[in-house]
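**Student:** Have a look at this prediction, sequence included:
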Amino acid sequence: MTVLEEMTAAVEAITQNQWSTRQGQVVPDPEDLRLGNDAVEFDRATVLYADLKGSTKMVDAEHWWLSAEIYKAFLHCAATIIKKEGGKITSYDGDRVMGIWVGNRQATPAAKAGLKINYAVKNIVVPALRRQYPHWAGTVKQVVGIDSSRGSAGNRYVQGQKPPKRLKQNHNFLVPISDLPAYGACSRTSAV
């Protein structure tokens with residue numbers, strides 16, 4: 001079979017196989033999702049998307065090791081807060097982390113997490129960097145977007161790859177808000 005034939009067959013299988021869905025009240029672990037078209041649907045889920053603001057410019061301007069320390073410090077604090085507020089990490093993407101809350105209480109813990117992430121950056125991350133690097137003139141800014149809507153967690157990988165959880169909902173709206181000056185350090189949509 002040629003590469004073209006192999007890719008054509010794989011895409012046809014992906015698009016022709018029926019989806020297996022079930023209602024859920026918890027975000028599934030990767031091993032709970034079968035390979036193929038398998039998903040868990042939620043009547044309502046709240047997603048928090050935390051992002052380092054201006055990180056591309058920072059990487060260009062700062063030493064690589066300082067940028068790496070900033071990324072690690074931010075992601076550690078954000079992930080710790082999301083988990084402590086009852087959220088589940090669904091993905092990391094460079095300088096971003098996404099968490100989800102499902103069940104009866106979701107908007108309030110997500111909003112608290114967003115505010116705590118802002119606090120951690122201002123009162124933990126930046127002061128630690130200033131103590132370690134007193135001549136450093138940079139800063140660290142972050143933005144958090146929060147939204148609630150219907151959603152689903154499903155396997156987005158193909159046969160033979162690790163099957164992680166993936167939430168498909170309004171997080172596509174949350175990604176670009178970090179680039180808009182009108183949004184503050186912690187913003188939510190009207191659905192939250």
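**Tutor:** In hand now; what should we look at?
**Student:** So which residue is smack in the middle of this protein?
**Tutor:** Nearest to the mean C-alpha position of the chain, counting by Cα atoms, centre = their mean, stands residue 98 at 1.7 Å.
**Student:** right, and that residue touches residue 87 too?
**Tutor:** No - taking contacts as Cβ atoms under 8 Å, residue 98 lies outside contact range of residue 87: 9.4 Å. To be clear about C-beta, it is placed using only N, CA and C from the backbone, and glycine gets the same treatment.
**Student:** which residues are common contacts for the two?
**Tutor:** Shared contacts of residue 98 and residue 87, defined by Cβ atoms under 8 Å, 6 or more residues apart in numbering, are found at residue 48.
**Student:** Could you pull out the helices in the protein for me?
**Tutor:** For the chain, the helices defined by DSSP state H cover 3-16, 55-61, 64-84, 107-120, 126-132, 171-177.
**Student:** pLDDT value on residue 6, please?
**Tutor:** With respect to pLDDT, residue 6 scores 93.
**Student:** In the lengthiest strand in the chain, which residues are buried?
**Tutor:** As assigned by DSSP state E, the longest strand anywhere in the chain is strand 38-53. Using 16 or more other Cβ atoms under 10 Å as the test for burial, strand 38-53 gives 38-42, 44-53.
**Student:** residue ranges with poor pLDDT in this protein?
**Tutor:** Confidence mapping of the chain against pLDDT under 70 gives the ranges 28-36, 38, 151-192.
**Student:** Determine how far stretch 56-65 lies from the middle of the whole chain.
**Tutor:** Centroid separation for stretch 56-65 versus its chain: 22 Å, with Cα atoms, centre = their mean, to the nearest Å.
**Student:** Give me the residues contacting it.
**Tutor:** Contacts for stretch 56-65 (Cβ under 8 Å, 6+ apart): 52, 67, 70, 138.
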